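Novice: task: produce atomic coordinates for the following.
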Amino acid sequence: MQNKISIPDLPLKGGCQCGAVRYVLTNKPIVFYICHCTRCQKQSSSAFGESFRVYAADLEVAGEMKTLQRTAPSGFTFSCDFCPNCGSRLFHQREENEAVVNIKAGSLDDTSWLKPAGHIWTSSKQAWVIIPDDALVYEQQPDNYDELVKRWAEIVE
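Specialist: From the prediction side, this is the model:
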């Protein structure tokens, strides 16, 4: 099992690269995971995307945002929210579940404590990425996030 982690004192704060959009998270995230799908790789211009799943009611956003609608290969439609000044993507949300929002975790002011509950879409991960032996791993999209949420609850103090 992974080492325990401590979430910093709430609220957690973050924002876009230029500072025009800021957010405050007033409650603990539901789960934190890494997505290795090719869409996250392109969106982040990196090897993977980092996502915090949170309740929308726990998120306060200040600043103007732009939203794009996208349809995933799975058929789900989701919105992608980003800063119109610097282009930083901060959030995405599935249309069928407006109570939950994913925050792009790299946008937090303090990322030093982050450790994922697991990894999804590992079938398309970069070959050089090494996933810990004790991590939850899904080759594609999990049917649900129950195991990831449970693991997150186990590792967070």
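Novice: any chance you could map the helices in this protein?
Specialist: Per DSSP state H, the chain has helices spanning 38-44, 146-155. These are given in chain order.
Novice: rank those by pLDDT, which is bottom?
Specialist: Mean pLDDT is lowest for helix 38-44 out of the helices of the chain, coming in at a mean of 73.
Novice: what helices or strands is that helix leaning on?
Specialist: strand 49-55 (3 or more CB pairs under 8 Å, 6 or more residues apart in numbering; DSSP states H and E). No exception for glycine: its C-beta is placed from N, CA and C like everyone else's.
Novice: other residues contacting the strand it packs on?
Specialist: With contacts defined as CB atoms under 8 Å, 6 or more residues apart in numbering, strand 49-55 is touched by 25, 27, 29-35, 37, 40-41, 43-44, 92, 99-106, 114, 116, 145.
Novice: centre-most residue in this structure?
Specialist: S51 (0.9 Å; CA atoms, centre = their mean).
Novice: just give me how far stretch 118-127 sits from the chain centre.
Specialist: Mean-position distance between stretch 118-127 and its chain equals 15 Å (CA atoms, centre = their mean, to the nearest Å).
Novice: state the mean pLDDT of it.
Specialist: So the average pLDDT for stretch 118-127 ends up being 91.
Novice: again with stretch 70-78
Specialist: Mean predicted lDDT for stretch 70-78 stands at 75.
Novice: ok, and the closest non-adjacent residue to C86?
Specialist: Computed as CB to CB, 6 or more residues apart in numbering, the closest residue to C86 that is not its neighbour in sequence is C18, at 3.8 Å.
Novice: for P84, see how far away that neighbour is.
Specialist: From C18 across to P84, the span is 10 Å (CB to CB, to the nearest Å).
Novice: how far away from the center of its chain is stretch 140-154?
Specialist: Its chain's C-alpha centre and that of stretch 140-154 lie 13 Å apart, by CA atoms, centre = their mean.
Novice: and what of stretch 75-84?
Specialist: Offset of stretch 75-84 from its chain centre (CA atoms, centre = their mean): 13 Å.
Novice: in the protein, which ranges drop under the pLDDT threshold?
Specialist: Low-confidence segments of the chain (pLDDT under 70): 1-2, 41, 73-74.
Novice: now the strands for it?
Specialist: Assigned by DSSP state E, the strands in the chain fall at 12-15, 22-25, 31-35, 49-55, 59-62, 66-71, 77-82, 89-94, 100-104, 118-120, 136-137.
Novice: many thanks, I have nothing further to ask.
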